[in-house]
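>>> Attaching a predicted model along with its sequence, questions to come.
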Protein chains: 2
Amino acid sequence: MLNILNNRRTIRKYTEDDISEELLNELLHASCRASTTGNMQVYSIVETRDPEMKKKLAPCHFNQAMVEDAPVVLTFCADFNRFNKWCRHRKAEPGYDNFLSFMTAAIDAIIVAQTLCVAAESKGLGICYLGTTTYMAQQIIDILELPAGVVPVTTITLGWPAEKPEQIDRLPLEAVLHKEKYCDYSEHEIDRFYSDKEARKDSEQFIEENNKETLAQVFTEVRYKKEDNVTFSKLLLDVLKKQGFMNN
Amino acid sequence: MLNILNNRRTIRKYTEDDISEELLNELLHASCRASTTGNMQVYSIVETRDPEMKKKLAPCHFNQAMVEDAPVVLTFCADFNRFNKWCRHRKAEPGYDNFLSFMTAAIDAIIVAQTLCVAAESKGLGICYLGTTTYMAQQIIDILELPAGVVPVTTITLGWPAEKPEQIDRLPLEAVLHKEKYCDYSEHEIDRFYSDKEARKDSEQFIEENNKETLAQVFTEVRYKKEDNVTFSKLLLDVLKKQGFMNN
């Protein structure tokens, strides 16, 4: 089991082979045994197999090829709609139209998503997370017809691997782990923790291709820019309001 | 692997046995191979073993006994502080002081947390999530000395099981899975999907103990009340502002 986790890599290229309904249901069923707040299961999963639907979703994910190439695309949503309906049909007035409830449901959804990823990888499938989901939530809501109380929080493409990319780097464990209290980072520690990453050939390539001076600049000036983050923050907060999660 | 997922249950009672530093590091190391946005690893994990620190954390988790009883408590944090420091030391100006960046980091943190849970359970350990983390984020920040750019999003207690509780119910898979588009729930479907849960002996007991008419009322009037959700929503949004994540 730890072997599977230790040897995994994100897979962006898939064979033409399908994933049977039976296998997918087996994986989803096992994933839904994961922890969920108060056993409320305040999440929903939208399964996309139809090529037409994938085509519609692709622009929401900046037209990354995985969306149309993968046999299955799964959109994981924070969902209080079902629970609210149950309450209302049972003489109970739900009070879940607020930010805390959104966070609770988002955490529930991510826990299921990651369990599904581990389950899928244990069967030889490859996965890729699409972080674009929170950027383009409104477009995804429109395409998947998500009602109030439902917000997409992440998307996974799923398929049989047609590549075996090199495993990419991670920071040393001590860089992300704190004992008893958070030990803030000195400049010397930052140098030490990031030195392996910065020394990699692909990092040098990134810097050169983007015509930057440092790898960090590739992140701040190309990949994850402040202006985009600010724009998408506003859009996401608007979505939370519109979907009924900001009545605090 | 699916067996482990299918047979798991949340464990709240632990033996006196410790978890070796070596085993914990092995689990954490494997967990950090999980997907992370742009390979930024915008999370941190705070490991609590000191009984004095557990005692301080306990009230943040409504004094649930697991916090002091578990050999290890792990607090998973959304963390842009380390990444921001790296950027600033590398002539790059980070633009991650906004809500989207908080969501990105929170998702990263939950993905690692859930991978750790699966890894731990594969070794026979038991885990319990503490949803109270988002309610009491400010108190946890003070105790763990989390700087700006860091927000706790979930906590896990970890130990060797001293109980084997009955597995609790889940909704049928079709209740949480939508094909191609979200299919909203009719009253009839709500009845059907929730009937098994409502027929359980422990549900009846819950209703009786709390002197309510329906199981849903136990949720809305006792366990997850609107007034608490509103209070904790405001507190959590204040924390995001204070930790520097609301400059949208």
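Received it, and whenever you're ready, just let me know what you need. As the structure is a prediction and not an experimental result, all values here were calculated from the model. Numbers count the residues shown, from 1 in each chain, chains lettered A, B, ... in the order given.

>>> the strands in chain A, which residues?
For chain A, applying DSSP state E gives strands covering A:43-48, A:72-79, A:126-130, A:150-159, A:177-179.

>>> Hey, what's the angle from the fourth one to strand A:126-130? Just curious.
Following axes from the mean of the first three to the mean of the last three CA atoms, to 10 degrees, one obtains 150 degrees for the angle between strand A:150-159 and strand A:126-130.

>>> related to what we said a few turns ago, make a markdown table out of the strands of chain A and add mean pLDDT and distance to A:Ala65.
(Glycine included, C-beta is placed from N, CA and C.) Formatted as a markdown table, those follow (pLDDT from 0 to 100; distance: least, CB to CB, whole Å):
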| stretch | mean pLDDT | distance to A:Ala65 |
| --- | --- | --- |
| strand A:43-48 | 98 | 15 |
| strand A:72-79 | 99 | 12 |
| strand A:126-130 | 98 | 10 |
| strand A:150-159 | 98 | 10 |
| strand A:177-179 | 98 | 35 |
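
>>> Just send the ones you listed back as CSV, with mean neighbour count too.
Shown next, in CSV, are the strands of chain A (neighbours: other CB atoms under 10 Å in any protein chain shown):
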stretch, mean neighbour count
strand A:43-48, 24
strand A:72-79, 26
strand A:126-130, 24
strand A:150-159, 26
strand A:177-179, 18
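
>>> Rebuild those as JSON lines, extending it with distance to chain B.
Shown next, in JSON lines, are the strands of chain A (distance: least, CB to the nearest CB, whole Å):
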{"stretch": "strand A:43-48", "distance to chain B": "5"}
{"stretch": "strand A:72-79", "distance to chain B": "8"}
{"stretch": "strand A:126-130", "distance to chain B": "5"}
{"stretch": "strand A:150-159", "distance to chain B": "6"}
{"stretch": "strand A:177-179", "distance to chain B": "5"}
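
>>> what residue is smack in the middle of chain A?
A:Thr154 (3.6 Å; CA atoms, centre = their mean).

>>> That one: what's it in contact with?
A:75-76, A:109-110, A:113, A:129-131, A:133-134, B:107 (CB atoms under 8 Å, 6 or more residues apart in numbering or on different chains).

>>> how much space between the residue lying closest to A:Gln64 once chain neighbours are set aside and B:Val176?
Distance criterion CB to CB, 6 or more residues apart in numbering or on different chains; nearest residue to A:Gln64, sequence neighbours excluded, is A:Leu130 at 6.9 Å. Note on A:Leu130: its distance to B:Val176, by CB to CB, to the nearest Å, is 20 Å.

>>> For B:Ile168, which of the strands of chain A is the nearest?
strand A:43-48 (16.5 Å; CB to CB).

>>> May I have that closest one as PDB, with CA atoms only?
Coordinates of each C-alpha in strand A:43-48 appear next as PDB, following Å, rounded to 0.1, in the frame of the first residue of the first chain:
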ATOM      1  CA  TYR A  43     -20.800  16.000  -1.300                       C
ATOM      2  CA  SER A  44     -21.900  14.900  -4.700                       C
ATOM      3  CA  ILE A  45     -19.900  13.400  -7.600                       C
ATOM      4  CA  VAL A  46     -20.700  14.100 -11.200                       C
ATOM      5  CA  GLU A  47     -19.500  11.400 -13.600                       C
ATOM      6  CA  THR A  48     -18.700  12.600 -17.200                       C
END
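
>>> Show me what it is packed against.
When contacts are defined as 3 or more CB pairs under 8 Å, 6 or more residues apart in numbering or on different chains; DSSP states H and E, strand A:43-48 sits against strand A:72-79, helix A:99-122, helix B:173-176, strand B:177-179.

>>> where's A:Val153 relative to B:Asp191, distance?
As judged by CB to CB, A:Val153 and B:Asp191 stand 28 Å apart.

>>> ok, now A:Thr157?
Counting by CB to CB, the gap between A:Thr157 and B:Asp191 amounts to 35 Å.

>>> before we move on, what about A:Pro161?
A:Pro161 is 42 Å from B:Asp191, by CB to CB.

>>> Kindly report the same for A:Lys201.
In this structure, A:Lys201 and B:Asp191 are 60 Å apart, going by CB to CB.
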